[in-house]
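> build me a model from this:
(one chain, ligands or ions: 1)
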Amino acid sequence: MAKDIFKKCREYHDSHDARAQGFYPYFRCIDDSYGNHVMCQGSEKIMIGSNNYLGLAQDPRVIEAACDATRRFGSGCTGSRLLNGTISLHEELEAQLANFLQREAVLLFSTGFFANQGALTALLESDDSILCDRENHASIIEGCQTSVARLIPYRHNSAAALRNRLKRLPEESGKLVIMDGVFSMSGDIADLPTLLPVIKEYDGITYVDEAHSLGVLGPHGRGTVHHFGVNDEVDIVMGTFSKSLGSMGGFIAGSHEMIEFLKHKARCFIFTAALAPAVVGGVLKALEIMRQEPERIDQLWVNTRKMHEGFKAIGFNIGSTQTPIVPILIGSEAKAFIFSQRLFEEGIFATPAIYPAVRYGEAIVRTSFMSTHTENDLDLILEIFAKLARELGTFDDPVYTEPGRRRNVFDFALPEHHGAQEIRADSGVASLEESELYATVSR
Ligand SMILES: Cc1ncc(COP(=O)(O)O)c(C=O)c1O
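Okay, here's the model as predicted:
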């Protein structure tokens, strides 16, 4: 008899259990959105769980531009960019982004996830190595897994760990070092000033995912590479429209040659429908507003600093965040669910992030702030957090159910054809921590 592939579905109970206990925090359905506030389950909540950093998703000018694009080109492109799906707005957005980011060329993808997966899979070959920060986003991990290159994770933001990995690789091997510009759960900024000299020393290629830094860091929100003034030293920049630009879609920016190659080789680009006119029209307008209204970014930072200070004053551990992403470190998953549920009851929308999105035993409630949050919103949020701290505590200690084991995020077994064996042999793995590297990476 054939294996029952649905057995695991029947046996999956986690979400039902959490629902039954009244603490299920996901898929909360929003009935109306005003950006900083939403209507959800019959009452208004302050939204601190989105990536709409500049509030542009609800800007009337962006909405109007999306409607205009729909009227002109229709509701969809009904095909791949390669074939019938390219409209003038795609090319205009690519040109605008290239100019804004000071890059030779840009290629749009239908999501940021696809941009990472498409670029990594198309660019890397089996004798190449991808050196991947252990806290990189799941789309990067997915891209690394789909690619045939060897995946070598390195300790989060550590130039010393990166050097340690790079120095063991054969000189002739192609080496791509990839990192989030702003890490999506911790809110840390990639430490490019210390990482870049190491990458250069070993003749590596640098790839920075600017998903959470576009519209947040650098002049006019040009991202982490501009924030540090190292744009010329970074080979590939990736970004999304699903955060500061208030929509969906992603892009890769780099040399003309690379973009021409990806256009013809990236399967995630070729074999999927082009971004809808409404999306591209809206993003073009959002980009224009972002460039013309830098005061939005200034306000985002005013709000961010207030919340960092406010949370710390109450006694919450917010880790090492440097950005509008502010993790409230809770530890136990159950407590993170309860905390999030109590926040919801008090009128705040923020969701927990649990393993594998964060390290095992280090569940957080992920909060993120917007330029459009008002002083009143922020004061009320802090008041409610202070109330819950009195009621539930600040939970600042990690909880490991297996004592002594601090598992890294996102366990996965590297398929053999991805060279897992080779990596082990190359690196002379000895300690538990190191051997775990090859079984685990991050979200
Ligand atoms: C760092 C990072 N990269 C890539 C992505 C994927 O972007 P998209 O939502 O456009 O697929 C995300 C989304 O959360 C992200 O946080």
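
> low pLDDT regions in the protein?
396-443 (pLDDT under 70).

> which residue is nearest the centroid of it?
Ser184 (4.5 Å; C-alpha atoms, centre = their mean).

> what sits against it?
137, 211-212, 325, 443 (C-beta atoms under 8 Å, 6 or more residues apart in numbering). Placement of C-beta: from N, CA and C, glycine included.

> just these that are near the ligand?
137, 211-212 (C-beta under 6 Å from any ligand atom).

> now, which of the contacts of Ser184 lie within strands?
Counted as lying in strands by DSSP state E, out of those, are Ile325.

> from the contacts of Ser184, which is closest to Lys312?
When the contacts of Ser184 are compared for distance to Lys312 (C-beta to C-beta), Ile325 wins out at 15.2 Å.

> would you list the ones next to the ligand among the contacts of Ser184 in CSV and tack on neighbour count?
Output for the ones next to the ligand among the contacts of Ser184, formatted as CSV (neighbours: other C-beta atoms under 10 Å):
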residue, neighbour count
His137, 26
Ala211, 29
His212, 29
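
> which members of those residues occur in helices, if any?
In helices, judged by DSSP state H, none of the ones next to the ligand among the contacts of Ser184 are found.

> for these, give me TSV that also has distance to Thr121.
Written out in TSV, the entries for the ones next to the ligand among the contacts of Ser184 read as follows (distance: C-beta to C-beta, whole Å):
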residue	distance to Thr121
His137	16
Ala211	18
His212	23
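
> in the stretch 1-150 of the chain, which residue sits nearest the ligand?
Gly112 (2.5 Å; C-beta to the nearest ligand atom).

> that residue contacts Ile252, doesn't it?
No: at 9.8 Å, Gly112 does not count as touching Ile252 under the criterion of C-beta atoms under 8 Å.

> can you pull the residues of this protein lying near the ligand?
111-113, 116, 137, 139, 180, 184, 209, 211-212, 240, 242, 250.

> again, only this time at 5 Å
By the rule C-beta under 5 Å from any ligand atom, the part of the chain lying against the ligand is 111-113, 137, 139, 180, 184, 209, 211, 240, 242, 250.

> packing partners of the longest helix seen in the chain?
Using DSSP H, we find that the single longest helix of the chain is helix 295-314. Counting contacts by 3 or more C-beta pairs under 8 Å, 6 or more residues apart in numbering; DSSP states H and E, helix 295-314 is packed against helix 277-292, strand 325-331, helix 375-392.

> how far off centre is the second one?
Relative to the chain's own centre, strand 325-331 is displaced by 16 Å; criterion: C-alpha atoms, centre = their mean, to the nearest Å.

> now do the buried residues in that strand.
Across strand 325-331, burial judged by 16 or more other C-beta atoms under 10 Å covers 325-331.

> tell me the strands beside that strand, with direction?
strand 363-368 (antiparallel) (DSSP bridges).

> report the angle between the axes of the strand it pairs with and helix 295-314?
150 degrees (axes from the mean of the first three to the mean of the last three C-alpha atoms, to 10 degrees).

> list of residues touching strand 363-368?
By C-beta under 8 Å, 6+ apart, strand 363-368 touches 48-51, 53, 185, 307, 319, 324-333, 335-336, 339-340, 343, 350-355, 358, 399.

> related to what we said a few turns ago, and the two most separated of the residues of the chain next to the ligand?
Thr111 and Asp180, at 16.0 Å, using C-beta to C-beta across the residues of the chain next to the ligand.

> tell me which of those two has more neighbours.
Asp180 (27 against 19; other C-beta atoms under 10 Å).

> beta partners of that one?
Asp209.

> return the residues in contact with Gln96.
284, 287 are the contacts of Gln96 under C-beta under 8 Å, 6+ apart.

> nearest to the ligand, of the buried residues of strand 325-331?
Once C-beta to the nearest ligand atom is applied, the member of the buried residues of strand 325-331 that ends up nearest the ligand is Ile325, at 9.3 Å.

> where exactly do the strands run in the stretch 51-200 of the chain?
Along the stretch 51-200 of the chain, counting by DSSP state E, counting those that start in this stretch, strands occupy 105-109, 128-133, 150-154, 174-180.

> quickly run through the sheet partners of the first one, with directions.
Same thing as strand 105-109. strand 250-254 (antiparallel).

> neighbouring contacts of the partner strand?
94, 97-98, 101, 103-116, 118-119, 211, 235-242, 258-259, 262.

> which of those residues are buried?
94, 97-98, 101, 103, 105-116, 118-119, 211, 235-242, 258-259, 262.

> restricted to helices, list those residues.
Filtering these for helices - DSSP H - leaves 94, 97-98, 101, 112-116, 118-119, 258-259, 262.

> show me the two of these that sit farthest apart.
Ala98 and Phe113 (21.6 Å).

> any idea how far Met39 lies from Ser33?
8 Å (C-beta to C-beta, to the nearest Å).

> burial measure for Ile318, as a count.
21.

> re the thing from before, now the common contact residues for Gly112 and Ile252.
Met238.

> what's stretch 54-74 in contact with?
Identification of contacts with stretch 54-74 by C-beta under 8 Å, 6+ apart yields 33-36, 52, 87, 89, 215, 221, 244-247, 276-282, 284-286, 289-290, 296-297, 300, 370-372.

> now the buried members of those.
Going by neighbour count (16+ other C-beta under 10 Å), the contacts of stretch 54-74 have 35-36, 52, 87, 89, 215, 221, 244-247, 276-282, 284-286, 289-290, 296-297, 300, 370-372 buried.

> related to what we said a few turns ago, turn the ones in helices among the buried ones among the contacts of strand 250-254 into TSV, including distance to Cys9.
Shown next, in TSV, are those (distance: C-beta to C-beta, whole Å):
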residue	distance to Cys9
Glu94	41
Leu97	41
Ala98	45
Leu101	43
Gly112	28
Phe113	23
Phe114	26
Ala115	30
Asn116	28
Gly118	29
Ala119	33
Met258	41
Ile259	41
Leu262	36
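
> what's the spacing between Glu172 and Ile130?
For Glu172, the distance to Ile130 - C-beta to C-beta - is 16 Å.

> was I right to think Asn136 contacts Gly181?
No: using C-beta under 8 Å, Asn136 makes no contact with Gly181, being 10.8 Å away.

> hey, what's in contact with both of those two?
Joint contacts of Asn136 and Gly181 (C-beta under 8 Å, 6+ apart) are Asp209.

> is it true that Leu245 touches His212?
No: the criterion here is C-beta under 8 Å, and Leu245 misses it with His212 at 11.9 Å.

> leaving out the residues flanking it, which one is nearest to Glu346?
Nearest in space to Glu346, with sequence neighbours left out and distances taken as C-beta to C-beta, 6 or more residues apart in numbering, is Ile384 at 4.6 Å.
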